[in-house]
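J.: Turn this into a structure:
(2 chains)
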Amino acid sequence: KQEVTQIPAALSVPEGENLVLNCSFTDSAIYNLQWFRQDPGKGLTSLLLIQSSQREQTSGRLNASLDKSSGRSTLYIAASQPGDSATYLCAVRGGSNYKLTFGKGTLLTVNP
Amino acid sequence: DGGITQSPKYLFRKEGQNVTLSCEQNLNHDAMYWYRQDPGQGLRLIYYSQIVNDFQKGDIAEGYSVSREKKESFPLTVTSAQKNPTAFYLCASSMTYSSYNSPLHFGNGTRLTVT
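T.: Residues are numbered from 1 along each chain as shown, chains lettered A, B, ... in the order given. The predicted model follows:
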C-alpha cells in the first residue's frame, strides 16, 4: 500500500528566504507526482505535475524535483513571500488502478 | 472561465437526513472524483467516475452514493447511513483517469455540518 509522508508538518520562515518542502513515498512504481497548494477553507490548486519519466518541473518561483528510485520529491520555493503562506500537499498516482495517494501536507507560514 | 463549481459552500443538516452536494465542471473532463478532508487525516477518496454513466467506489464509500448521468455533473449524496458525515468535501476532475499527464483540478469545497 502506497504511503506518502510530508515532513515537516509545519514550517515558518521570514520573507525572502528560499525554502524546500519534502515529500516521500514508499512505492516507487508511480506514474506521476503532483504538488498542490491549499488556502484555508478552500480547495486545492494544482501547482506542478511531474511525470515518472521526468526529473523536475518549473513554474515561476517554484521548482519540483522527483527522484523515483529513492521515493522522494522536493518543492523548492524561491524568494518566499507572505502570499505563499498556505498548506502544500503532494500526491502520487500509481498502482494497477491508477490510485492517487495524498500526503497530509506541510503548513507554510511566511512572515513579513 | 473553465473550472469546477461546488455548491453550496456551507451546508447544515440534521442527523438522519440525506443531503446532496453538487459538483459541476465545464472543463470537458472525462474523470471526476469526490474526496473527504478531515483535520489531520488528509484527503480520502469516496467515489470516482472515469467516464459518464460509470463510477467506482473509493476507499470510504460506505454511506455515500453518486451518479454520473452527464459529463459535467457528479453529485454526491451523503445518506443517513454515514456515521460521521461532518467534514469538508472536495470535488475534482481530470481530463482522463489513467493518463500520466492529467493533473487533478479541484473545486472550492462544501463544508457539511450534521447535528
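J.: Can you get me a residue count around whichever residue of chain A sits closest to chain B?
T.: Going by CB to the nearest CB, chain B is nearest to A:Gly43 of chain A, at 3.8 Å. Backbone N, C-alpha and C define where each C-beta goes, glycine included. The number of residues packed around A:Gly43, counting by other CB atoms under 10 Å in any protein chain shown, is 22.
J.: likewise B:Ile51?
T.: Here the count is done by other CB under 10 Å, and B:Ile51 has 13 residues near it.
J.: Kindly report the same for A:Asn18.
T.: Neighbouring residues of A:Asn18 were enumerated by other CB under 10 Å; the total is 11.
J.: thinking it is in contact with A:Ala79, fair?
T.: Yes: at 6.7 Å, A:Asn18 counts as touching A:Ala79 under the criterion of CB atoms under 8 Å.
J.: shared neighbours, those two?
T.: None of the residues lies in contact with both A:Asn18 and A:Ala79 under the rule CB atoms under 8 Å, 6 or more residues apart in numbering or on different chains.
J.: Give me the next element, helix or strand, following the helix-or-strand element of chain A with minimal mean pLDDT.
T.: Among the helices and strands of chain A, strand A:99-102 carries the lowest confidence by mean pLDDT, DSSP states H and E, at a mean of 92. Following strand A:99-102 in sequence order, the next helix or strand is strand A:106-111 (DSSP states H and E).
J.: Check which helices and strands that following strand is in contact with.
T.: When contacts are defined as 3 or more CB pairs under 8 Å, 6 or more residues apart in numbering or on different chains; DSSP states H and E, strand A:106-111 sits against strand A:10-14, strand A:19-25, strand A:86-94.
J.: List of residues touching the longest one?
T.: Read it as strand A:86-94. Contacts of strand A:86-94 with the rest of the structure, by CB under 8 Å, 6+ apart, involve A:2, A:4, A:6, A:21, A:23, A:25, A:27, A:29-39, A:44, A:47, A:73, A:75, A:99-108, B:42-43, B:100, B:104.
J.: the inter-axis angle of that strand versus strand A:106-111?
T.: 150 degrees (axes from the mean of the first three to the mean of the last three CA atoms, to 10 degrees).
J.: List the buried residues of strand A:86-94.
T.: Using 16 or more other CB atoms under 10 Å in any protein chain shown as the burial criterion, the residues of strand A:86-94 that qualify are A:86-94.
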